[in-house]
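Asker: Sequence first, predicted coordinates after that:
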Amino acid sequence: MENTVSVNGTSHQVKPEYDALIIGAGFSGLRMIHECRQLGLSLKAFEAGPAVGGTCESWVYIMNFSKQLNDEWTWKERFPCQPEFHTRIQSARWNDDTHFWTLETEFGKKHTCKYFIPAGGVLSASRRLPFLGVERFKGEWYQSSYWPRHSVSLKGKRVAVVGNYVIPARNHLLSADQQESIKENYAEIWAEAKNQSFGMSMTDSHTPMSGLSEAKIQRVLEGGWEAGGFRFVFETFGDLISDRQSNDIASEFVRNKIRSVVKDEKTAEKLCPKYGLFAKRPPLGHYYFETFNRANVSLVDARTDPIKEVTEHGLCTESGEQYEFDTIIYAIGFDAGTGSLTSFDINGRNGENLGQKWASHVETYLGMAMTNFPNMFAIAAPQGPFANFPVVLDSQAPWVGKTISYMEKNNYKQVEPTQEAMAGWTKTVNDIYAMTILPEATKDSNSYFIGANVPGKKIEPLFWFGGIVPYFQACEEEVHTGFPNFVKS
Ligand SMILES: Cc1cc2nc3c(=O)[nH]c(=O)nc-3n(C[C@H](O)[C@H](O)[C@H](O)COP(=O)(O)OP(=O)(O)OC[C@H]3O[C@@H](n4cnc5c(N)ncnc54)[C@H](O)[C@@H]3O)c2cc1C
């Protein structure tokens, strides 16, 4: 992949060190390595962590990318490219003379490439701890997003969990029969997931709640609760996210479940979401709420009595209440969607900085490409689908592959979407979001869907909520029509 550069009127052939450089060795990075290998590209991947990543609570078999992998599960043997672990990329810079990207690691080592593929994850950039006096605490403390590799013993300790997200609730090993059945039905499972709006192996209900009898509604919701998790969301009624009244009824159903499970009335009320269901996702039928019936578990509502500071011995709240602990676990979430791309310098054409650009508002085309950031394709990035990500990646990575193939076939040096295409995509993302019950509910709940969990972050929809099928169609349309929304040269 050579380009010609003119220096003082003389032409020189320049070649990047690699065809493609990939950031991240989670599901996205691994899937992209697989794609690039199939295209025969030379590549290198960088991973800040010590090993391959991936955090998911969806059912495990949705994490496999191909039938072959499902049968064998031998990632290392299949991918001769070993990501460089313990290596964080701290900057990426586009060179408009060579038309290559230069990535610099935290150790100051530079690498050049034609195609820059950040796959740093939607939920991987940890939030900074916003509490005063964190270092003052004399006990042990951990952040869920930086969990140590050594085992942590909590036995007999007084433990604070700051934040209340819990996964995977009641995780368990799959039986040999279940594993066998997954292998046997792999194609059907995968096909079902690819056709379900959020990439799950289940069947969307298209039945609206309105017009049904109270008894019927309760029966269906009850069935969904028993099935648990995402089945409650997708297999009960088709309008839980689009219809205010349906959402209110489902939200109240969940609140009543919490009230019936949690014995202490005050604790139950604190646990009941005040906002519309799905703006955040309380564990649905996962035995999470039962934990609050234990004599050694109590709940402090930090919304009504926020944490003022961390003390030597624990936490102090605004009301002056002092709580003593041996261990504090901070589980305060992520700078979602944009965080992994804005936490280091990405400088495109004319030094345009992605982080600064997105501070005013996010704009992408198809959630993968940006004007002024040529040959950069972000996987699992903002304005891409909010769905089961391995399913999304399994279409985004081939799309990137097809785009690269198209470029190589036509000898293009650079490709980037038009400003109009980005503006159009952004408008569609926002319009679809506005059609749901989410705008109000996500504000009420400080949801990461709109960046509301990070103080100072621009509030805007960070994901495509239009379902994966229309999304995949839009991506394929671009390929089949010869990339009309891209400037190619
Ligand atoms: C608690 C929790 C539950 C989740 N449940 C689900 C679920 O049920 N279903 C689902 O689809 N998704 C779920 N997710 C989202 C999940 O993170 C992604 O689906 C999945 O991990 C995507 O893989 P990824 O490769 O895109 O990101 P990640 O697995 O986050 O991998 C990205 C990798 O990039 C590395 N990286 C980032 N920046 C740099 C850099 N500058 N230099 C070098 N390396 C870098 C990170 O260290 C990380 O290992 C969940 C996330 C969390 C936190």
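Answerer: Right, received. Where do you want to start? None of these values were measured; they are calculated from a predicted model. Numbering: from 1, shown residues only.

Asker: center of the chain, which residue is that?
Answerer: residue 122 (3.1 Å; CA atoms, centre = their mean).

Asker: Next one, pLDDT for that one please.
Answerer: Per-residue pLDDT puts residue 122 at 94.

Asker: next one: phi and psi at the nearest residue to residue 371 once chain neighbours are set aside?
Answerer: Counting by CB to CB, 6 or more residues apart in numbering, residue 371 lies nearest to residue 419, which is 5.0 Å off, once chain neighbours are set aside. Bear in mind the C-beta positions are built from the backbone N, C-alpha and C, glycine included. Per-residue torsions, residue 419: phi -60, psi -40 (degrees, to the nearest 10).

Asker: Check residue 419 and give its pLDDT.
Answerer: Note on residue 419: pLDDT of 98.

Asker: same check, this time on residue 76
Answerer: Looking at residue 76, its pLDDT is 37.

Asker: What residues does residue 142 make contact with?
Answerer: Residues near residue 142 by CB atoms under 8 Å, 6 or more residues apart in numbering: 148, 152, 327-330.

Asker: at 6 Å what do you get?
Answerer: Under the criterion of CB atoms under 6 Å, 6 or more residues apart in numbering, the neighbours of residue 142 are residue 329.

Asker: next SSE after the lengthiest helix in the chain?
Answerer: When the chain is parsed with DSSP state H, its longest helix is helix 389-409. Remark: after helix 389-409, the chain's next helix or strand is strand 415-417, criterion DSSP states H and E.

Asker: which other helices and strands contact that following strand?
Answerer: Judged by 3 or more CB pairs under 6 Å, 6 or more residues apart in numbering; DSSP states H and E, the packing partners of strand 415-417 are strand 486-488.

Asker: Pull up the pairing partners for the strand it packs on, direction included.
Answerer: Strand pairing for strand 486-488, using DSSP bridges, gives strand 415-417 (antiparallel).

Asker: so how far is the partner strand off the chain centroid?
Answerer: 24 Å (CA atoms, centre = their mean, to the nearest Å).

Asker: neighbours around the one residue in the stretch 301-450 of the chain that gets nearest to the ligand, how many?
Answerer: Going by CB to the nearest ligand atom, the ligand is nearest to residue 389 of the stretch 301-450 of the chain, at 3.2 Å. Close neighbours of residue 389, defined as other CB atoms under 10 Å, add up to 27.

Asker: Need the mean per-residue confidence for the longest helix of the chain.
Answerer: Average pLDDT, helix 389-409: 96.

Asker: Any chance you could list what contacts stretch 466-482?
Answerer: 197, 199, 366, 385, 387, 395, 399, 402, 432, 464.

Asker: swap in stretch 19-31?
Answerer: Outside stretch 19-31, the residues that reach it (CB under 6 Å, 6+ apart) are 1, 32, 36, 41-47, 52-54, 65, 83, 89, 103, 111, 113-121, 379-380, 390, 393, 397.

Asker: try 7 Å
Answerer: 1, 32-33, 36, 41-47, 52-54, 63, 65, 75, 83, 89, 101, 103, 111, 113-121, 379-380, 389-390, 393-394, 397 (CB atoms under 7 Å, 6 or more residues apart in numbering).

Asker: and those, which are buried?
Answerer: Neighbour-count burial within the contacts of stretch 19-31 applies to 1, 32-33, 36, 41-47, 52-54, 63, 65, 83, 89, 101, 103, 111, 113-121, 379-380, 389-390, 393-394, 397; the criterion is 16 or more other CB atoms under 10 Å.

Asker: got the contact list for the closest residue to the ligand within the stretch 51-200 of the chain?
Answerer: Nearest residue of the stretch 51-200 of the chain to the ligand (CB to the nearest ligand atom) works out as residue 121 at 2.5 Å. Counting by CB under 7 Å, 6+ apart, residue 121 makes contact with 24, 26, 28, 340, 380.

Asker: so residue 317 makes contact with residue 308?
Answerer: Yes: counting by CB atoms under 7 Å, residue 317 does reach residue 308; the two are 5.7 Å apart.

Asker: any weak-confidence spans in the chain?
Answerer: 7, 53-82, 165-172, 285-286 (pLDDT under 70).

Asker: how's it carved up into domains?
Answerer: 3-125+335-488, 128-164+299-333, 170-285 (automatic domain parsing).

Asker: Cross the buried ones among the contacts of stretch 19-31 against strands and list the overlap.
Answerer: 43-46, 89, 101, 103, 111, 113-118 (DSSP state E).

Asker: Looking at these, which one is closest to residue 281?
Answerer: Of all these, residue 281 sits closest to residue 118, with 26.4 Å by CB to CB.

Asker: For that closest one, which non-adjacent residue is closest in space?
Answerer: Nearest non-adjacent residue to residue 118, counting by CB to CB, 6+ apart: residue 23, 4.5 Å away.

Asker: ok, now how distant is the one you found from residue 260?
Answerer: Here the distance between residue 23 and residue 260 works out to 46 Å (CB to CB, to the nearest Å).

Asker: okay, those two: which has more neighbours?
Answerer: Neighbour tally, residue 23 and residue 260, criterion other CB under 10 Å: the higher count belongs to residue 23, 29 against 10.

Asker: That one pairs with what?
Answerer: The partner residues for residue 23, given DSSP bridges, come to residue 46, residue 118.

Asker: Let the chain start at 5 from now.
Answerer: Okay, using 5 as the starting number, the last item reads as residue 27.

Asker: The stretch 255-404 of the chain: strands as residue ranges?
Answerer: 311-314, 318-321, 326-328, 331-334, 349-351 (DSSP state E, counting those that start in this stretch).

Asker: Could you dump the ones you listed into TSV and include mean neighbour count and distance to the ligand?
Answerer: Formatted as TSV, those follow (neighbours: other CB atoms under 10 Å; distance: least, CB to the nearest ligand atom, whole Å):
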stretch	mean neighbour count	distance to the ligand
strand 311-314	17	21
strand 318-321	19	23
strand 326-328	13	25
strand 331-334	20	13
strand 349-351	21	10
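
Asker: In a markdown table: these, plus distance to residue 12.
Answerer: Formatted as a markdown table, the strands of the stretch 255-404 of the chain follow (distance: least, CB to CB, whole Å):
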| stretch | distance to residue 12 |
| --- | --- |
| strand 311-314 | 60 |
| strand 318-321 | 65 |
| strand 326-328 | 70 |
| strand 331-334 | 56 |
| strand 349-351 | 25 |
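
Asker: Could you point out which of those strands sits nearest residue 18?
Answerer: Closest among the strands of the stretch 255-404 of the chain, once you apply CB to CB, is strand 349-351, at 19.2 Å.
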